[in-house]
Every structure is written in C-alpha cells, then in structure tokens.
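**Student:** Could you look at this predicted model? Sequence included:
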Amino acid sequence: MSLQYGAEETPLASSYGVADAFPKDLGLWPGGEGRGGGGQAASPADSSKPRILLMGLQHSSKSSIQKVVFHKMSPNETLFLESTNKIYKDDISNSSFVNFQIWDFPEHMGFFDPSFDYEMLFSGTGALIYIIDAQDDYMMASTRLHITVSKAYKVNPDMNFEVFIHKVDGLSDDHKIETQKDIHQRAHDDPAVAGLEKLHHLSFYLTSIYDYSIFEKLIPQLPTLENILNIFISNSGIEKAFLFDVVSKIYIAPDSSSVDMQSYEPCLDMIDVVIDVSCIYGLKEDGSGSAYDKGLMAIIKLNNTTVLYLKEVTKFLALVCILREESFERRSLIDYNIYCFRKAVHEVFEVDVNSHRCCSHQTSVPSLKALAHNGTQWNAI
Ligand SMILES: Nc1nc2c(ncn2[C@@H]2O[C@H](COP(=O)(O)OP(=O)(O)OP(=O)(O)O)[C@@H](O)[C@H]2O)c(=O)[nH]1
C-alpha cells in the first residue's frame, strides 16, 4: 500500500477562518490538553503538513494505534488509555523520519450533528483511515464508515480512504478472511458508497498493534525502503540487515513477515549500547552535542564468527548488519554498497519532501524505479 497525502499549503490565516466555523459548543477547540505525550488538542493554528485523519467508533483503537506506532507505547499499556474527547493532533516529525500530522478524531463529539463543519475537517486531509474493531459487532461501524466516506468524498474527492479491520489478533485465520469479505461486501453494496467511483478502490487491511501490520500500514516509505534493503543485502554478502529508526526502534527488515528474534535482538541491543556509550562519553562537557552523529559507526565481533556492523544512514535511521567474518574482510566493498544504500534512502526522503513542496494535489511515495533512474549502482560480492 502507499498512502497518499494532500500537500496543500493552506495559509495560516485561512486556517483560522475555517476553524472558527467548527461548532464551539462541542468543545473541540478547547484550551485543555489532549492525552498522552507528544500531541495536543487541535487548535485553529494548525500547520499545513500532510494530514492523516484517524476515525472510527469509540474504543476502536484510534489512540492505541497512534501511541504504539509513534510514541513507543507498548501494546499492553494501551489497556489503560482513557477515552479521547477532543480532536487530538499529533505532529509526527520531530522524533522520527516520517513527517506528517495525524489527527485522532472522536466522532462521538458531534460528527453527526447537522451543524458540523465537514469542510474544515476534510478539506486539508490527505488520507482518512477508518478503523473497525473486528472483535466487536461491526455492523454499526460499517454503516458509519459509509456515512463518513461519502461525507468526506463530497468535500474532498482527492482524499485517500483506507479501512483498518483492526484487533485481528483475536481471530482465527478463517474468521479474519470472513470478516474482511463481509465488511468489503457491505461497503460495495451500500448505494451511498457504490455511486462514488473512487470508493470502488476502497482498501481494507487486517491490522493489530500486537504485530508488524500496523507499522506497515502507517509508514508510507516502508515498501520502497524494504526493496532497497533487499537489493543492498543481495549484493553485499550480508546475512541479515535491519534499518532502524533509532528513536522509536521501528525497523525495516528484508522479509518483515519472518523476522527471527535471534538476529533482531542483538541488532537492537547494539543500537542501545552504542547510543548509551555515546551519551556518556561522546557529548561535550556541557552536555551539548548529539549522541547520534553523522558518520557514526560501530563494529562488534561476536563469539560465533559473525560481526555486527552499525552505520548511520540519516539523522533518524541506522543500518545494522549481521555478516560472517570472512565476508567482513571485504569491508571496503560493503562500505561502498552502504554508501549507495545511504544515497538511495536519502533520495526516497528527498523525493518525498520535494513532492510535498511542489505539488498542489496528492503526492505519492516514490518508487524504486525513480531511484534507479537516479543512477544508484550496487557492487556485488
Ligand atoms: N486485542 C487488541 N486490542 C487492541 C488493539 N489495539 C487496541 N486495542 C485495545 O482497544 C481498546 C481501545 O483502544 P483506544 O485506543 O482507547 O480506542 P479509541 O478509539 O481511541 O477510543 P476513544 O478515545 O474512546 O474513541 C484498548 O483497551 C486497547 O488496548 C489490538 O490490535 N488488538
């Protein structure tokens, strides 16, 4: 999947204008705080970053998804989250490599009120993710999904719609498929939705915070990065490699569906060790500087004739490779391939940023083809 985001540069002044049109008595623009770290209750002065809107019935998991994916909350801790009663706006750009806003919109706060300002909510939104709790009776959620997408489509036909059939960890494989089919069928049978051409392509995904699925769906660069990582590994004589976001520890692996913990854990530990040592001995005496610098690298030889090799890739990403000692003897070639890999990753994010800047409509995630045109070449061992 590639999520697409709107990239309109909405002037601040007009944001103030439309925000004022929200029904104030519903308490959606309060001075009060949103819950949890990192975000805030939405205010009229929102920036024009690409925006993803999370919607769904109460307890469908909007906040859990946001916290687990972007705030390192462990899935079990989500059991203690309180209900959200304001729009909760989260700016995902400072702590990670992804760059957009995600809004948790509690629809019970007036979405179905006749005076609700749909224009304000949907006009600046690039993607709407509707979450359906697969462990609950999903009839009501399906109906609400249809109403929501048809209202959103009227305001903003360019918007992308994705449906997460969520909490599938509790379902058997057969039950998952049945549920997906049923929800899909209902969407296409509904005359309100069936008439909207774009919604023929409404995408449904099975997700859970207890596995990798939710990360995969929320980080749009993921498939491209996965492909680049595959190309790098197959040309470098490397056993395994992970691309980690050093802050959140979200990782990308060549075959993410079958990551074995015996490879993953030492790589994760290595990042912690390197950052810890760097924090203790690498910062200046007054505490300034960064524990994760450009050019940072580390090598650890293990007692099983393998080597762990860590290299900085971007401000937020580190590549950690596991390779055999004899492969590591050709380190200069590996370094050259890492250099190509690094360049390719930078291009992915540059293309993304540039397309957000340049286009006035929807932008898509760059493909590997685009990277190939830019001339990155890999040397094989
Ligand atoms: N089994 C399972 N439970 C989940 C999953 N994701 C979230 N939950 C649980 O679902 C419950 C509701 O989650 P919330 O994130 O508070 O739901 P919400 O949509 O933000 O709820 P409101 O703020 O009331 O609208 C919590 O108890 C979570 O632990 C999942 O993938 N699987």
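**Tutor:** Received, thanks.

**Student:** Can you report how many residues neighbour Ala134?
**Tutor:** 24 (other C-beta atoms under 10 Å). The C-beta positions use only the backbone N, C-alpha and C, and glycine is treated the same way.

**Student:** can you check Asp260 too?
**Tutor:** Counted with other C-beta under 10 Å, the neighbours of Asp260 add up to 10.

**Student:** measure it to His346 for me?
**Tutor:** Distance, Asp260 to His346, using C-beta to C-beta, to the nearest Å: 29 Å.

**Student:** next one: Asp104
**Tutor:** Separation of Asp104 from His346 (C-beta to C-beta): 31 Å.

**Student:** Look at these two and report which has more neighbours.
**Tutor:** Comparing Asp104 with His346 by other C-beta under 10 Å, the one with more neighbours is Asp104, at 25 against 13.

**Student:** measure that one to the ligand for me?
**Tutor:** For Asp104, the distance to the ligand equals 6 Å [C-beta to the nearest ligand atom, to the nearest Å].

**Student:** what about the closest residue to that residue other than its chain neighbours, how many neighbours?
**Tutor:** Spatial nearest neighbour of Asp104, chain neighbours left out: Tyr88 (4.1 Å); criterion: C-beta to C-beta, 6 or more residues apart in numbering. Counted with other C-beta under 10 Å, the neighbours of Tyr88 add up to 23.

**Student:** what's the answer for Gly237, then?
**Tutor:** So Gly237, with other C-beta under 10 Å, has 18 neighbours.

**Student:** Could you measure from it over to the ligand?
**Tutor:** Noted for Gly237: a distance of 38 Å to the ligand, by C-beta to the nearest ligand atom.

**Student:** what do you get for Asp117?
**Tutor:** Counting by C-beta to the nearest ligand atom, the gap from Asp117 to the ligand is 20 Å.

**Student:** Does the ligand have contacts with the host helix or strand of Met140?
**Tutor:** Under the criterion of DSSP states H and E, Met140 resides in helix 139-155. No: figure legend: helix 139-155 not in contact with the ligand (C-beta under 6 Å from any ligand atom); closest approach 10.9 Å.

**Student:** just to confirm, which helix or strand has Pro254 in it?
**Tutor:** Using DSSP H and E, no helix or strand contains Pro254.

**Student:** from now on call the first residue 48
**Tutor:** Understood, numbering begins at 48; the last thing we discussed is Pro301.

**Student:** ok, it - contacts?
**Tutor:** Glu273, Leu276, Asn277, Ile280, Lys287, Ala288 (C-beta atoms under 8 Å, 6 or more residues apart in numbering).

**Student:** Out of those residues, which end up buried?
**Tutor:** Buried members of the contacts of Pro301, scored by 16 or more other C-beta atoms under 10 Å, are Glu273, Leu276, Ile280, Lys287, Ala288.

**Student:** Need the nearest residue in space to the last one, chain neighbours excluded.
**Tutor:** Distances taken as C-beta to C-beta, 6+ apart place Cys368 nearest to Ala288, at 4.4 Å, with adjacent residues excluded.

**Student:** For the helix or strand hosting that neighbour, what is the distance to the chain centroid?
**Tutor:** Take DSSP H and E as the rule and Cys368 turns out to sit in strand 364-371. Distance, stretch centre to chain centre, for strand 364-371: 22 Å (C-alpha atoms, centre = their mean, to the nearest Å).

**Student:** Just list the residues touching Tyr311, thanks.
**Tutor:** Tyr311 is in contact with Phe289, Tyr298, Ala300, counting by C-beta under 8 Å, 6+ apart.

**Student:** so what does the helix or strand the first one falls within touch, helix or strand wise?
**Tutor:** Pointing back at Phe289 there. In the assignment (DSSP H and E), Phe289 maps to strand 287-292. The contact analysis (3 or more C-beta pairs under 8 Å, 6 or more residues apart in numbering; DSSP states H and E) places strand 287-292 against helix 269-281, strand 298-299, helix 308-324, strand 364-371.

**Student:** any chance you could map the strands in the stretch 298-428 of the chain?
**Tutor:** 298-299, 344-348, 353-359, 364-371, 409-410 (DSSP state E, counting those that start in this stretch).

**Student:** Which among the ones you listed is found nearest to Arg191?
**Tutor:** Judged by C-beta to C-beta, the one of those that comes nearest to Arg191 is strand 409-410, at 24.6 Å.
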